[in-house]
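Engineer: Predicted model, plus sequence, below.
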Amino acid sequence: MSPMRTLSHRAAIVIVVGTVSCTGLFAKPKEKVYNNTPQEVFQAALRTARERHVVTYVDEKNLMLTFETGTSALSYGFNANATVEQMADGKSKLIINVQKKNAGKDAGLSFGAGDRMANKFFQQVEEELARQSQQKTAAKPEAPHVEAPPEARPTTAPNNATGAVAVSADPEGADISVDGSFVGNAPATLKLSPGKHVVSVSHQGFKEWSREISVLPDSQVNLKATLAKE
């Protein structure tokens, strides 16, 4: 073999190897523009990755995440890096860089599977954004009208506590009345309900005697009525 032919053969080998190497190392990222804010697109991408793949890294401050896909009949799976960039007019760009997990293995039928995975991920993110938008704008049914209950009236259990009022009189045997009703003759101990009462003592030939008293529960009041002659 001539020296010139050997040199050309080696150059061809270097060119082929270099071409294969560049194709494997510098896969072109795929991108898609959405009419949403960067935060909305990032959260939709994060939910999509968590529901369908394995999220390996999340940087919410810089709107970046990485995830791994599972194996399939067409590929050994992928490592994907997704970032969101803000654009003009409130739009956002989702960029996905896909790396094959079958480095050094026979690619087989996996040719183009990375692009298909990225395109499907873009579609899933779009569906997630649409679903969230519908949830936000869905009209909530009006709450049924409820009639206000009537004014609550405090109820108190009957109070059986009473106060004792011991009434004595001079002369003895005088009539005792409470709030205008006859209750007995002096001397007597009366059991009265709490509150104000008027106790009156009267006897034939004497002027009527009366006092207004306040009775407290479980208390005792002593009254001595001295009647004056008419």
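Structural biologist: The structure has been received and is ready for your questions. Numbering: from 1, shown residues only.

Engineer: Residue 118 looks like it's in a helix, true?
Structural biologist: Yes: checked against DSSP: H, G, I helix; E, B strand; the rest coil, residue 118 lies within a helix.

Engineer: Now do it, the pLDDT please.
Structural biologist: Listed pLDDT for residue 118 reads 90.

Engineer: Contacts only, for it.
Structural biologist: By CB atoms under 8 Å, 6 or more residues apart in numbering, the contact set of residue 118 is 30, 80, 96, 98. Heads up, the C-betas are built off the backbone N, CA and C, glycines and all.

Engineer: Neighbours of the third one, how many?
Structural biologist: Spelled out, that is residue 96. Neighbour count for residue 96, taken as other CB atoms under 10 Å: 23.

Engineer: which outside residues touch stretch 170-187?
Structural biologist: Residues contacting stretch 170-187 (CB under 8 Å, 6+ apart): 166-169, 188, 190, 192, 197-203, 206, 224-227.

Engineer: Now do it, average pLDDT.
Structural biologist: On average, stretch 170-187 scores 91.

Engineer: Wait, residue 198 touches residue 211, no?
Structural biologist: Yes: counting by CB atoms under 8 Å, residue 198 touches residue 211, with 7.4 Å between them.

Engineer: which stretches of this protein form helices?
Structural biologist: For the chain, helices defined by DSSP state H occupy the ranges 3-25, 38-52, 113-137.

Engineer: So what's the residue count around residue 166?
Structural biologist: Residues lying near residue 166 (other CB under 10 Å) number 14.

Engineer: ok, it - contacts?
Structural biologist: Residues near residue 166 by CB under 8 Å, 6+ apart: 187, 188, 189, 190, 220, 221, 222, 223.

Engineer: Can you tell me which of those residues is nearest residue 113?
Structural biologist: Set against residue 113, the nearest of these by CB to CB is residue 220 (100.1 Å).

Engineer: Where in this structure is the helix or strand with the lowest mean pLDDT?
Structural biologist: When the helices and strands of the chain are compared on mean pLDDT, DSSP states H and E, helix 3-25 comes out lowest with a mean of 39.

Engineer: looking at it, residue 67 is touching residue 58, isn't it?
Structural biologist: No: counting by CB under 8 Å, residue 67 does not reach residue 58; the two are 9.3 Å apart.

Engineer: Between those two, tell me which one has more neighbours.
Structural biologist: residue 67 (23 against 15).

Engineer: Report the beta-bridge partners for that one.
Structural biologist: residue 55, residue 80 (DSSP bridges).

Engineer: Over to residue 93?
Structural biologist: Counting by DSSP bridges, residue 93 is bridged to residue 33, residue 85.

Engineer: start to end distance for stretch 195-214?
Structural biologist: 5 Å (CA to CA, to the nearest Å).

Engineer: Relative to the whole chain's centre, how far out is it?
Structural biologist: Its chain's C-alpha centre and that of stretch 195-214 lie 67 Å apart, by CA atoms, centre = their mean, to the nearest Å.
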